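Provide a 3D model corresponding to the input given below.
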Amino acid sequence: MTAFRMPSLGADMEAGTLVEWLVKPGDRVKHGDIVAVVETQKGAIEIEIFQSGLVERVLVTTGTRVPVGTAMASILTDEEAGGGAAAAALPEAIAPPLAKAPAPLPRRPVVPPSPIVVAPGAENRLHASPAARRLAQERGIDLSTIAGTGPSGAIVRADVARGAIPAVRPPEQKPVVGINLDAMREAIAAAMARSKREIPHYYLQHDIDVTGGTDWLARTNAERPPDRRLLFAALTTKAVALAVRKYPALNGFCRDGKPERSAAIHVGLAIAIRGGGLAAPAIHDVDKLSLDELMERMRDLVQRMRAGRIRSS
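Residues are numbered from 1 along each chain as shown. The predicted structure is shown next:
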């Protein structure tokens, strides 16, 4: 059995809050499927899975704050299913702490309900006692407007005597996910302060004549409908990726205190968020994308970021 764990969705992320499961035990998943939504300081992030197999068990309930690396679900991968691998020990399900139960209301005198008779095959009909039906008919009350307090929600005579109470259930509340701008600004401030404090900086400047690029862009866009036109940002993003491919020493990261080159070229796109805030999610393998593919990815990323729903990858 393989544990699906809370991924790290940022350099300073310690935990995230699970707001929604998009799969349940018994569902099949494949590499790249969105399986959950997690709230972080940068907004709600759709979590992808990188194994293919069967969801065996969900270990974390919605509303739980989950530290990075914590097992969230157990997955029986296709490799394990084929090789008969034994299930590994996984932690018990994590649930948020139970709220204190409210004080009980004063008990009312218990009045035995009128007998309720349900005819065979009438399970989907409105359940009401004969006495309740007679009283409703006498007073001209529609039973569908009465909320029953009898067994299994059945309508009894006392319910009709109290008058027509709409039997309306409150709408199901789904968690509201999106961007918490205050939390985002706090995260940005902390990251920028840490960056300036701990990382040596130097700045380079160089003038580049981009007339050839802007002229080509104008000619290309003149022959396209508005929804297929390219932005100049697509050209500059592609240029960054090609430059990094030409000079691979500029592309890497630090792991365990040592610099390490990256074979993949992912470029962060700075996106201003309406209402304030800034994020820089990455577009993957930019050097391998055509300009049209890159423009499509950019549009999708901007829409997702401004809606507060980006993907973990």
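
For residue 3, see how far away residue 50 is.
The spacing between residue 50 and residue 3, counted by C-beta to C-beta, to the nearest Å, is 12 Å. Just so you know, the C-beta spots here come from the backbone N, C-alpha and C atoms, and that holds for glycine as well.

scratch that, residue 233
Applying C-beta to C-beta to residue 233 and residue 3 gives a distance of 39 Å.

out of those two, which sits in the busier spot?
residue 3 (16 against 13; other C-beta atoms under 10 Å).

And for the residue nearest to residue 17 when sequence neighbours are not counted, the neighbour number?
Sequence neighbours aside, residue 39 is the residue nearest to residue 17 in space, at 4.4 Å (criterion: C-beta to C-beta, 6 or more residues apart in numbering). Using other C-beta under 10 Å, the number of residues around residue 39 comes to 23.

hang on, isn't residue 39 packed against residue 19?
Yes: under the criterion of C-beta atoms under 8 Å, residue 39 makes contact with residue 19 at 5.1 Å.

Need phi/psi at residue 267.
phi -120, psi 130 (degrees, to the nearest 10).

Of all residues in this structure, which one is nearest the centre?
residue 37 (2.2 Å; C-alpha atoms, centre = their mean).

from memory that residue sits against residue 48, does it?
No: using C-beta under 8 Å, residue 37 makes no contact with residue 48, being 11.2 Å away.

coming back round to it: what about the residue nearest to residue 17, is that helix, strand or coil?
Three-state call for residue 39 (DSSP: H, G, I helix; E, B strand; the rest coil): strand.

Next, find the distance separating it from residue 201.
Distance from residue 39 to residue 201, by C-beta to C-beta: 32 Å.

same thing with residue 7?
29 Å.

more neighbours, these two?
Counted by other C-beta under 10 Å, residue 7 and residue 201 do not tie: residue 7 has more neighbours, with 19 against 6.
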